[in-house]
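> Fold the following and give me the result.
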Amino acid sequence: MVLQLQLWQLPLLMCLAGLLLSDICRGEHLVQIQKGPLYRVKGYPMSISCNVSGYSGQVDQGFAFSVYKPDYPQKEIRMISTFEKDYAYRVYSKRVAEKSIEIKRLSKTSVILHLKLLQADDAGEFECYTPNIYDTYEGTYNGKTIVNVIEDTLKASFSSPASYSISEGESLQLECEVSSQTMQHTHLSVTWYLCGNTETLPIIALDRDLSVRPGAAFEKQYHSGLISIEKVEDTTYRLKMSQVQQSARGEIYCQAEEWIQDPDRSWIRIAYKNTTGSYVEIKALEVGEVGSLISAIDVSETVQEGEQAVIRCSVQAQNLLQRFFSITWLRNNIEMAHIGPSGVLTIANDYKQRENKGELRAAKISDNAYILTIRPVRAEDQGQYQCKATQEERAETGEFTKEQSQLSSEKTVHIKTKESGLAVVMAEKLINMMEGEKLQLTCSVSKASGSLSVSWHHKKSTSSSFKHVISLNHEGVMVRETGDQHQDRIVRAFRSTATDFTLEINGAVLSDSGEYKCTVSERNTDSSGSINSQSGLVSVESIDSSLKVSLRSRDTNVTENSLITMICTVKGPKVPLEVHWKFRSKYLGPQKDIICMLRNGAISCGREQKDYQLEVEVQDTMTVFYLRILKASRKQQGSYQCQITAYQENVQKAQKPSNELAVSVHAPVSKLSISISPKAHLIIPVKSNAKIDCLVNKAVSNSSRFAVTWMFDAQTLVKMDSEGVVTLGPAVSKEMNQRINMQMTERRTFQLAIQEVRSTDHGQYKCLVEEWIQDPDGIWYSLHPKSHQTMDLVVNEQAASGESKQDCSSGMILGILTPLLFILLVVIVLLLLMVQKTKSASRKQKDCLWAENNPLKPVPEPTAGEGDSA
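Numbering: from 1, shown residues only. A predicted model of the protein is given here:
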């Protein structure tokens, strides 16, 4: 089947192809800034890289850098940009104008922010921002990293004389002191430099990983063993130069560098210092002088039988390359081997057999250096060794004639024999211990037949040599030599059992790490003896590196007034500890100490100790510090951290902060429930009094207060705040003001009273209640949300009208009946008066009729006596 395209399909396919290519070309925009946190030293340069992936624009990608300071983490402070000239804020504008702060472009999508002189105020969160040139956003357009600025604690000083005057071919030894007191984990490197007439050249360096690196101009002398660098004790760095040449003339000084490993695993130099130097004057040898001869042995003067001995001979003279020399090795003034001017090796007859077995060989290793190697050495190899250099002149025939000769100084080599079956075993081949603990090493001896003595030696690294620590002689007396590296320490050696010898060093320090050698010497009654030794490794771990601190809690999101318990776990050595509890508020502000427990148990720090409770629990494998907040308040929400300081013999050895722990304290969830009485609606006549109760049924606390607002049709009538103060709403009229009132009739009942209800009071009434509670600090605040209930008030105007008419009728009836009753009362009174009068008249009439009907008879007059009686 043949696929045929119509003409209208071709543009469509081209458009789709273009969109597809556009999606392929443009990937996701991603900004990558150097990973932090970064630690940099104040007063030194600092650089931060930033690059973009997924950018396909034609012009260079724009970059801008800002910083967020710890005191104001939300405030952006603009520093510099590639696309806006006046981008920097005033705090950085001057340094940008002076090019003390600049952006160096590495490529179209990669730049480096460079600060020539880092200041303490530069610490913060650095942001790299890239503006978007497209219409849509795909990916990320900024990246952030944290920069911590630390103090410069690097110290470097020169401890050798300010000048030297030596002859060519002699030895030179210089020392400088280098140390750093920073709390960060850093490494030091030391480089010796020669400042000549025209240029400054590196001589030799001890890198941060303790590897030795010679300078290019001195590499040949280093491989010949003529130049070395070694670390002595903790702070001393020593330069040794054998057979110095004219090229070493000038000022020699050392440079100290401090390095730190960033989170991306790269090592960055953060500080460096140059010491003063010593001017070295090298006096040239006179023309015609053969030169000084130096014989050297790579091992100590005591060589174990069966090991290797190397005797190095060298020649120093002017015009060395144009002259011919022969070298002869002698033992006890008897020739052993000879290398002629043409390089031919001749072995003495007494050593021929050993040469054939490969036990003895000699070679020229450089223009002026020759070595004789004996392996394995025997007891008969002990003695005094010398080198003899002879200048030889070559004739035109090619024959050599001897001129002047010169012997080197003598070197004595002692061979430790293995004649007896004395066996020495180190009880522990590897000891890992903590700084400050007691170091104990034990050698066990077997198959001994005579009296024993033991000597202990120590070397810090494979590149250094063994140094005497302490000895126990045949009589059991401890012997310490002048200048021992442990001279000021509490060190003792003793015989713990008949077969065990013990070395004990109190309070181990980091410099005690390394290899320890126990050398046991046996002395028999016939003055014969044997020597045997055994070595063991000791690793002393610093308290700082072994101290582990973590902070945790189950109470990180609590309600106010709750108990919060934070647990700070410390794992490490059993040393006195001090804890500082630190707090950074959620509402800005620097981190501060809230309460501390010193190593003697005393409580200090902070002004609000009453709010906290401390407890410490010492376990077998850890120490646990507890911080309890008895009644949490919202001002105590933020991030907490415990900082542990470890001490040893009243000296601070380590200080470690824990992780930060975020604690959130929130207000209680409102449980507010209210109701209105009467419910639903209230029907009431006009001009009567209405009372509506708003009841709080449920609240968070029994001590809660309430702010109540009565509303009528979305207008505030009256409200009572949480303090009980009543105020009228702004829309309430003067007439209404006289008729409404609100009061708290009971503790949780708020009553609205309306006097003489009117028809305009008809509508919906709402009771709005807001709960207020008191935080642990005694501050009242409201809980949300508010709760409300509504009720309809119905004014019954008809009932009011009927009552009005009834009242009117009653009034009219009373108006009519009152005078009638009064008249009736008057009539009754009059009638009663008339009846009374009639009765009175009747009584009088009766009396009169009785007199008329019964007339009086004349009474005879009495006598005088009778009259008086009457």
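> What about the nearest residue to N689 once chain neighbours are set aside, how many residues nearby?
Here the nearest residue to N689 in space, its sequence neighbours aside, is Q755; by C-beta to C-beta, 6 or more residues apart in numbering that works out to 5.5 Å. The C-beta positions use only the backbone N, C-alpha and C, and glycine is treated the same way. Other residues within reach of Q755 by the criterion other C-beta atoms under 10 Å amount to 12.
> Against V558, how distant is A646?
Spatial separation of A646 from V558 under the definition C-beta to C-beta, to the nearest Å is 32 Å.
> Spit out the contact partners of the closest residue to I415 other than its chain neighbours.
Spatial nearest neighbour of I415, excluding adjacent residues (C-beta to C-beta, 6+ apart): Q382 at 4.1 Å. If a contact means C-beta atoms under 8 Å, 6 or more residues apart in numbering, then Q382 has 413-415 as its contacts.
> ditto for M622
Listed by C-beta under 8 Å, 6+ apart, the contact set of M622 reads 569-571.
> Phi first, then psi, for it.
phi -160, psi 170 (degrees, to the nearest 10).
> quick one: it and N432, what's the gap?
Counting by C-beta to C-beta, the separation of M622 from N432 is 19 Å.
> Over to R628?
Counting by C-beta to C-beta, the separation of R628 from N432 is 37 Å.
> Please identify which of the two sits among more neighbours.
When R628 and N432 are compared on other C-beta under 10 Å, the one with more neighbours turns out to be R628, at 14 against 11.
> in what helix or strand does that one lie?
Element membership of R628 [criterion: DSSP states H and E] is strand 623-629.
> and what of V827?
Assigned by DSSP H and E, V827 belongs to helix 797-853.
> do L614 as well
Secondary structure assigned from DSSP H and E places L614 in strand 612-618.
> residues making contact with that strand?
Applying C-beta under 8 Å, 6+ apart, the external contacts of strand 612-618 come out as 579, 581, 594-595, 597, 603, 606, 623-630.
> Could you verify that L752 is part of a strand?
Yes - checked against DSSP: H, G, I helix; E, B strand; the rest coil, L752 lies within a strand.
> I674 touches L695, doesn't it?
Yes - I674 is within contact range of L695, at 6.3 Å (criterion: C-beta atoms under 8 Å).
> can you pull up the bridge partners for I374?
Partner residues in beta bridges with I374: A309, L360, with DSSP bridges as the criterion.
> go on, F126?
Beta-bridge partners for F126, by DSSP bridges, are V67, T145.
> now V31
Note on V31: beta-bridge partners by DSSP bridges are V52.
> surely it meets G143?
Yes - taking C-beta under 8 Å as the definition, V31 is a contact partner of G143 at 4.3 Å.
> intersection of neighbour lists for those two?
By the contact definition C-beta under 8 Å, 6+ apart, V31 and G143 are jointly contacted by 50, 128.
> and these two? which has more neighbours close in?
Neighbour tally, V31 and G143, criterion other C-beta under 10 Å: the higher count belongs to V31, 23 against 19.
> residue ranges of the helices in the chain, please?
Along the chain, the stretches classed as helices by DSSP state H are 9-25, 90-97, 219-223, 352-356, 543-546, 734-737, 797-853, 864-869.
> about what we covered before: show me what the strand holding L614 pairs with in its sheet, parallel or antiparallel.
Strand 612-618 has its sheet partners listed here by DSSP bridges as strand 623-629 (antiparallel).
> Contacts made by the partner strand with the rest, please.
If you take C-beta under 8 Å, 6+ apart as the criterion, strand 623-629 is touched by 563-570, 577, 579, 581, 595, 597, 611-618, 636, 640, 642.
> quick one on the thing from earlier: got the buried residues for the strand holding L614?
612, 614 (16 or more other C-beta atoms under 10 Å).
> Show me how far it is from its chain's centre.
With C-alpha atoms, centre = their mean, to the nearest Å as the basis, strand 612-618 stands 22 Å off its chain's centre.
> Using CSV, write out every CA atom in it.
Taking only C-alpha atoms (Å, rounded to 0.1, in the frame of the first residue of the first chain), the coordinates of strand 612-618 have been written out as CSV:
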residue,chain,number,x,y,z
TYR,A,612,11.0,24.9,82.5
GLN,A,613,12.0,21.8,84.4
LEU,A,614,15.3,19.9,83.8
GLU,A,615,16.3,16.4,84.5
VAL,A,616,19.4,14.3,83.7
GLU,A,617,19.6,10.5,83.5
VAL,A,618,23.0,8.8,83.2
